[in-house]
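> Build me a model:
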Amino acid sequence: MEDRKICGNGGCVQTDTIEAKLNAGNIDEAQSALREGLSLNSEEARALLGKLEYQRGNVENALEVFEGIDVEAAVQSLQAISSDKITKKSRSNSESGPQQGANLLLEAIYLKTKSLQKLNRINDAAEECKKVLDAVEKIFPHGIPDGFVETKLQETISRAVELLPQLWTEAGCYDEAVGSYRRALLTHWNLDNDSCARIQHNFAVFLLYSGVHVGPPTQIEGTYVPKNHLEEAILLLMILMRKFSLGKAKWDPSVVEHLTFALCICSQTCVLAKQVEEVIPGVIHRVQLWKTLALCCDAIKQRKTALNLLQKSLHKHEKPDDITSLLLAAKICSEDGLLAAQGIEYAQRALDNCKNRNKHLKGVCLRVLGICFGKQASVSSSDYERSQIQSQALKSLEEAMDLEPQNSDLVFELAIQHAIQRNLNTALRLSKQYIDVTGGSMPRGWRLLALILSAQQRFQEAEVVTDAALDETAKWDQGPLLRLKAKLRIAQSRHLDAIETYRHLLALIQAQKKSYSQLQTMHQIEDDRVNEYEVWQGLANLYSSLARWKDAEICLGKAREIIECSSETLHSEGIIYQRRGQIDEALATYVNSLLVEANYVPSKISIGAIMSNRSLPMLPVARTMLSDALRLEPTNRMAWLHLGFVHKLDGRLSDAIDSFQAASMLEESDPIEGFNSIF
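Purely as a prediction, here's the structure:
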């Protein structure tokens, strides 16, 4: 229709004339005028008339006209042009001949579908649209010939292919929707790149967010079949990313967002990083790219790389005041005592830049600042400095609490800091508050409460709390609680019960390995749960304390199969030698432990203890080892105890008394696991 005329087959009809007849209700006259003026048959004229009504917005009238079209007639028209019945030349000419009639009829059925959709008759619309595609697939069983690619017929088919799964989704027929999406992508419809990309995008979104259980597609020989709906969505999104990189589809930033969500669900952020790196330079702003890659690296524990990327984005010539980057950098630094001071600087900069923002953002900055202060306090070289920094940590967290009193994470962080500073009554109150706020749904809250009770030497109560937590916790998340229960039983000299708990824990880990073998690597499982290595180490130490040397050695052998050389295993081996009276072998093993990890505190303490028993010339070595251990762990009571013995042997009685008092005070408030083990 051009210049208010309808043209075809060498003739033209004034649009105003046809519209006047339609306005007067003379549909038959309008149809006759089109037939005579354009040399159309009755089906083609009706199709053109319905299209005109649809374009005028008269959807109900258009549907009434379309209802009179015989689908079989459209199929016959398609058959007339399907293979050898017209020449390639006429096939490329969509303005005349049999192809024009086929175009009109097929488009009419498509517009009938759209009319039904607009009238909210979704199921009818889907059925009608399916008829179109069934007919086309029947006529072209081997796919639409390439000669139709540039025709109006191809355009209509492409629209119908894209519309059908959307209609089934609107109708709530999800199995049919999935089948339509897969049919659209697996059948040779000659779709252009943009249409195919839209279908892939829509299908991936459906798979990710519909909440519908989708079975795997049918196996086709020589093709890869996704195992589940998440894998299928990821595959579709990665195909789209590949198309973007090759310039075969228009860039769509939402694809990266969906892919990020999908890969984060299955802990495959390393794959996400690779996909983002392959994006054509300039499509994603370099600062955003660095932030995304930093998040990916942080998720897979490559914190040094993540921090380097963030430092690039925070350069003075990039975005030095970006709050997200500053907070992420501070969070990474808070996990390493040597970087804690740098983390404090980042967190303070973030706080300075959000003074005029909402309370939540300011509260997050204060929380991260408090965590960084707490980490720096753990590596402070002097008691005075440590006390000052711990006070700043509490002050920052309390200010954050004032801004967000209902934030359960803040309650937990504050409880941890009070526990570390041995403010056990306050920590106990806050840990109970955290359990109340979270409804007891968070295992870490129960663990903290049990550890605080153990620090108060209330072991039976701590075990009761642990049992209550086990009842409230899903089976797969019970590992840390079972380990805690085993240690509580050891503290009560119930060694056989502890061994049974460790066996239960090993059985749980084996079940996890089998269950998660297809979804995650064991490294990822161990990040969130107790790993098998820790259990074998705990059993080895327990058997060693019972002088069951053979059992202890078997457990250490199992631990070495998982981690061939570790400071903890070497230290446990040294303890066995020492308890057997093989002091020289024990000392050599402790030294080897420090060669693996120079700051491994238990080995430093053991070496200091052995040296203090050798002779007076060895006391300076013992003092150095024990002082270094206390620098790394200021609240280690065994280090204070052995340092007291060293001072006593050296004749420094005043220092010895201070050290013994410190050891005694710490023993009264020493948890069976370090409070930091909860992080």
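
> Against Ser677, how distant is Leu424?
Per Cβ to Cβ, to the nearest Å, Leu424 is found 17 Å from Ser677. The way it works is simple: take the backbone N, C-alpha and C, and place the C-beta from them, glycine included.

> If you count surrounding residues, which of the two has more?
A direct count of neighbours by other Cβ atoms under 10 Å for Leu424 and Ser677 places Leu424 higher, at 18 against 13.

> I'd guessed the more buried one sits against Ser454; true?
No - with contacts counted by Cβ atoms under 8 Å, Leu424 stays clear of Ser454, the gap being 10.4 Å.

> What is the neighbour count of Gly439?
10.

> With the one 10 residues further on instead?
Here the number of neighbours of Leu449 (other Cβ under 10 Å) works out to 24.

> Quick one: residues contacting it.
Leu428, Ser431, Lys432, Ile435, Ala462, Val465 (Cβ atoms under 8 Å, 6 or more residues apart in numbering).

> tally of neighbours for the fourth one?
As a burial measure, the neighbour count of Ile435 was computed by other Cβ under 10 Å and equals 23.

> got it, and the first one?
Counted with other Cβ under 10 Å, the neighbours of Leu428 add up to 20.

> Which pLDDT value belongs to it?
Looking at Leu428, its pLDDT stands at 95.

> With the last one instead?
At Val465 the predicted local confidence, pLDDT, stands at 95.

> Next: the second one.
pLDDT for Ser431: 95.

> any idea which helix or strand of the protein has the worst average confidence?
Least confident helix or strand of the chain, by mean pLDDT, DSSP states H and E, is helix 522-528 with a mean of 41.

> Helices along the stretch 251-400 of the chain, start to end?
253-265, 269-277, 286-299, 303-313, 323-333, 340-353, 359-378, 383-403 (DSSP state H, counting those that start in this stretch).

> Which among these is found nearest to Lys648?
Closest of those to Lys648 is helix 383-403, at 21.1 Å (criterion: Cβ to Cβ).

> which outside residues touch whichever helix or strand comes after that closest one?
Next helix or strand after helix 383-403 toward the C-terminus (DSSP states H and E): helix 408-420. Here helix 408-420 makes contact (Cβ under 8 Å, 6+ apart) with 363, 367, 370-371, 374, 378, 390, 393-394, 397-398, 400-401, 404, 424, 426-427, 430-431, 433-434, 437-438, 442, 444-445, 448, 451-452, 455, 635, 671, 675-676, 678-679.

> Out of those, which end up buried?
Among the contacts of helix 408-420, those classed as buried by 16 or more other Cβ atoms under 10 Å are 363, 367, 370-371, 374, 378, 390, 393-394, 397, 400-401, 404, 424, 426-427, 430-431, 433-434, 437-438, 442, 444-445, 448, 451-452, 455, 635, 671, 675, 678.

> State the distance from Ile122 to Lys114.
In this view, Ile122 and Lys114 are 12 Å apart by Cβ to Cβ.

> Compare the two and say which is more crowded by neighbours.
Between Ile122 and Lys114, counting by other Cβ under 10 Å, Lys114 is the more crowded of the two (21 against 18).

> ok, then the element right after the helix or strand that the more buried one is a member of?
Assessed by DSSP H and E, Lys114 sits inside helix 98-118. Note on helix 98-118: by DSSP H and E, the next helix or strand toward the C-terminus is helix 122-139.

> That next one versus helix 98-118: what angle between them?
160 degrees (axes from the mean of the first three to the mean of the last three Cα atoms, to 10 degrees).

> What's the first helix or strand after helix 122-139?
helix 152-171.

> Okay, angle between the helix holding Lys114 and helix 152-171 too, please.
20 degrees.

> elements contacting helix 98-118?
Judged by 3 or more Cβ pairs under 8 Å, 6 or more residues apart in numbering; DSSP states H and E, helix 98-118 is in contact with helix 42-55, helix 59-66, helix 71-80, helix 88-91, helix 122-139, helix 152-171.

> Which stretch among those helices approaches Ile657 most closely?
helix 152-171 (77.6 Å).

> can you pull the buried residues of whichever helix or strand comes after the closest one?
The helix or strand immediately downstream of helix 152-171 is helix 174-186, counting by DSSP H and E. Within helix 174-186, the residues scored as buried using 16+ other Cβ under 10 Å are Tyr174, Glu176, Ala177, Val178, Gly179, Ser180, Tyr181, Arg182, Arg183, Ala184, Leu185.

> Kindly report the same for stretch 154-164.
For stretch 154-164, by 16+ other Cβ under 10 Å, it's Gln154, Glu155, Thr156, Ile157, Ser158, Arg159, Ala160, Val161, Glu162, Leu163, Leu164.

> Next: stretch 340-358.
Ala340, Gln342, Gly343, Ile344, Tyr346, Ala347, Gln348, Arg349, Ala350, Leu351, Asn353, Cys354.

> Just the residues contacting it, thanks.
For stretch 340-358, contacts defined as Cβ under 8 Å, 6+ apart pick out 314, 321, 323, 326-327, 329-334, 361-362, 365-366, 368-369, 372-373, 375-376, 378-379.

> just the buried members of the residues you listed?
Judged by 16+ other Cβ under 10 Å, buried ones among the contacts of stretch 340-358: 314, 323, 326-327, 329-334, 361-362, 365-366, 368-369, 372-373, 375-376, 378-379.

> returning to what we had before: nearest to Met665, out of the buried residues of stretch 154-164: which one, please.
Glu162 (73.2 Å).

> so how far is Gln200 from that closest one?
11 Å.

> List the contacts of the closest residue to Glu573 other than its chain neighbours.
With sequence-adjacent residues excluded and distances taken as Cβ to Cβ, 6 or more residues apart in numbering, Glu573 is closest to Thr589, at 5.2 Å. Contact partners of Thr589, counting by Cβ under 8 Å, 6+ apart, are Leu570, His571, Glu573, Gly574, Tyr577.

> Of all the residues in the helix or strand Thr589 falls within, which ones are buried?
For Thr589, the element it lies in under DSSP H and E is helix 583-596. Within helix 583-596, the residues scored as buried using 16+ other Cβ under 10 Å are Ala586, Leu587, Thr589, Tyr590, Asn592, Ser593, Leu594.

> and the two most separated of these?
Ala586 and Leu594 (13.2 Å).

> Can you get me a residue count around the nearest residue to Ile563 once chain neighbours are set aside?
Distances taken as Cβ to Cβ, 6+ apart place Tyr533 nearest to Ile563, at 5.5 Å, with adjacent residues excluded. By other Cβ under 10 Å, 19 other residues sit near Tyr533.

> Do I have it right that Tyr533 meets Leu556?
No - contact criterion Cβ under 8 Å: Tyr533 and Leu556 do not qualify, at 10.8 Å.

> ok, back up a step: just curious, which of the buried residues of helix 174-186 is nearest to Glu127?
Closest to Glu127, out of all of these and judged by Cβ to Cβ, is Glu176, at 10.0 Å.

> Tell me how many other residues surround Gln582.
Neighbour tally, Gln582, other Cβ under 10 Å: 14.

> OK, contacts around it?
With Cβ under 8 Å, 6+ apart, Gln582 has no contacts at all.

> Ramachandran coordinates for it?
phi -90, psi 80 (degrees, to the nearest 10).

> same question, Glu335
Torsion angles, degrees, to the nearest 10, at Glu335: phi -90, psi 0.
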